[in-house]
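Engineer: Next input, structure requested:
(2 chains)
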2 protein chains.
Amino acid sequence: MASKKIKKEPDTKKSPSSKFEGSFYPQRVVLDTSLFVNPDVRKSFGDTPTEALEAFLFLAAQIHILEFYMPPSIFEELLHFIEKDKIPEDLLLILHQKPPKKHELKCPAFLLYELIEDIRERVNKGLRIAEKAVRSVETKSSDEIIQDLRRKYREALREGIIDSKEDVDILLLAMELDALLVTADQGLIKWAEKLGIKWLFPEKFKNYLLGAIKRSGLLTGKVK
Amino acid sequence: MASKKIKKEPDTKKSPSSKFEGSFYPQRVVLDTSLFVNPDVRKSFGDTPTEALEAFLFLAAQIHILEFYMPPSIFEELLHFIEKDKIPEDLLLILHQKPPKKHELKCPAFLLYELIEDIRERVNKGLRIAEKAVRSVETKSSDEIIQDLRRKYREALREGIIDSKEDVDILLLAMELDALLVTADQGLIKWAEKLGIKWLFPEKFKNYLLGAIKRSGLLTGKVK
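Structural biologist: Below you'll find the predicted structure:
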């Protein structure tokens, strides 16, 4: 599966980070909230979002070869799940908040075709779900049906698609920084693939950090 | 209203067409099918799509300062409405079929935000329409309701949006050629505005052509 490996892509002019192995220029990493919020995803970091964020910060503070970023809109989402007074104050120094340069960045025009084709199919699917709901009224109460309709409709129209400002923010930021995107969101991964953005499943992220700690030590000569 | 004027925008490097007034370099014009197919829109050209296309070709053949384009996908649509044997054979010489360079063109990334915001609102609207339909089952037959549902749903999710490959084709072609887009489609006009594409309502198009004929004569010295 694609999730097994971290993709290393040739760097663009903007980011000389991996022009040669072992460069001190930091590699950028863009984080999604799912990493801390989703219980299945965060489990290697902690039992609660706060614990997971603390554990991440503890590891990240020891890493000199990576820079961590999050768009402010995603950070806002994260704050809803966090006990703020428990988070060490170096959070803002370790996890940089940066919005993408949305008025400077360009995306390939052929992506519009894919986005629109995708939406078209979903819209048609949504209508079929609605029709089915109307036809089922004879067998169930309309409250039951509507509950069912809402779930199915949202599944059909939202899952696996980039459907929010926050999704676009995170994709564009990763594109701008030529960063590694860490997310469990299938819609984001699909678009990262289209846009040539490196990505990593969160379950690989702890090992990635541990590797970076080791490498940070080797590079600064603190570890034999 | 914005429809009153043809917008003249500063030209890009790619198209030297209007660097100086009266240049012989042709200005490009991209045509939508609505111009020939929609009865209200085509009325200054002809009673049927075939007549309208003939009338356009008759005028266009006299114009040396404009070049007319249509993406092949849009041309395919047009062919469904046309009696092909009545169309003069210089059609293909006057109305050029060209697909956009979709893998070379770039579009500003901030448009993704607008497209996604737009879709999000429509999707929510679609769900509310579906819910209403389910609740109305007690008062009407489900066949009636579904007919009504389909109409309202399509209106809510499709109108005023670019929702097809053909829509993207025509916008990107106009962008690529720095052309004037002639369309009655509100969704296309909205996006032309975002992308800085010159546009013209079809009801102004006949006068635009007559002006171009006059100007063609002046420029080639055939008219005193």
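Engineer: Output the below-cut-off pLDDT ranges for chain A.
Structural biologist: By pLDDT under 70, the low-scoring segments of chain A are A:1-25, A:160, A:220-224.
Engineer: Longest helix in it, please.
Structural biologist: In chain A, taking DSSP state H as the definition, the longest helix is helix A:110-135.
Engineer: Any idea how far that helix is from the middle of the chain?
Structural biologist: Offset of helix A:110-135 from its chain centre (Cα atoms, centre = their mean, to the nearest Å): 25 Å.
Engineer: do the same with stretch A:157-175
Structural biologist: The answer for stretch A:157-175 is 9 Å, by Cα atoms, centre = their mean.
Engineer: ok so, going back, name the residues of the next helix or strand after the longest helix of chain A that are buried.
Structural biologist: Toward the C-terminus, helix A:110-135 is succeeded by helix A:142-158 as the next helix or strand (DSSP states H and E). For helix A:142-158, burial by neighbour count (16 or more other Cβ atoms under 10 Å in any protein chain shown) applies to A:Ser142, A:Ile145, A:Ile146, A:Asp148, A:Leu149, A:Lys152, A:Tyr153, A:Arg154, A:Ala156, A:Leu157. C-betas here are computed from N, CA, C, even on glycine.
Engineer: tell me, which of those residues make contact with chain B?
Structural biologist: Among the buried residues of helix A:142-158, the residues within reach of chain B (Cβ under 8 Å from any Cβ of the partner chain) are A:Ser142, A:Ile145, A:Ile146, A:Leu149, A:Tyr153, A:Arg154, A:Leu157.
Engineer: Which residues lie in contact with the second one in this structure?
Structural biologist: Pointing back at A:Ile145 there. A:Ala133, A:Ser136, A:Val137, B:Val134 (Cβ atoms under 8 Å, 6 or more residues apart in numbering or on different chains).
Engineer: Tell me who's in contact with the residue lying farthest from the centre of chain A.
Structural biologist: No residue in chain A sits farther from the centre than A:Glu138, which is 43.0 Å out by Cα atoms, centre = their mean. Applying Cβ under 8 Å, 6+ apart, one finds that A:Glu138 lies in contact with B:Ser142.
Engineer: for the helix or strand containing A:Ala212, packing partners?
Structural biologist: Applying DSSP H and E as the criterion places A:Ala212 in helix A:205-220. For helix A:205-220, the elements it packs on are helix A:49-60, judged by 3 or more Cβ pairs under 8 Å, 6 or more residues apart in numbering or on different chains; DSSP states H and E.
Engineer: After the helix it packs on, which helix or strand is next?
Structural biologist: Counting by DSSP H and E, what follows helix A:49-60 is strand A:66-70.
Engineer: Dump the C-alpha coordinates for that following strand into PDB.
Structural biologist: Extracted in PDB, the C-alpha atoms of strand A:66-70 (Å, rounded to 0.1, in the frame of the first residue of the first chain):
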ATOM      1  CA  LEU A  66      12.300  19.400  10.800                       C
ATOM      2  CA  GLU A  67      10.000  22.400  11.000                       C
ATOM      3  CA  PHE A  68       6.300  21.900  11.900                       C
ATOM      4  CA  TYR A  69       3.500  23.900  10.500                       C
ATOM      5  CA  MET A  70      -0.300  24.200  10.700                       C
END
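Engineer: picking that back up, how far off helix B:142-158 does the longest helix of chain A point, in degrees?
Structural biologist: Per axes from the mean of the first three to the mean of the last three Cα atoms, to 10 degrees, the angle that helix A:110-135 makes with helix B:142-158 is 160 degrees.
Engineer: Sounds good, over and out.
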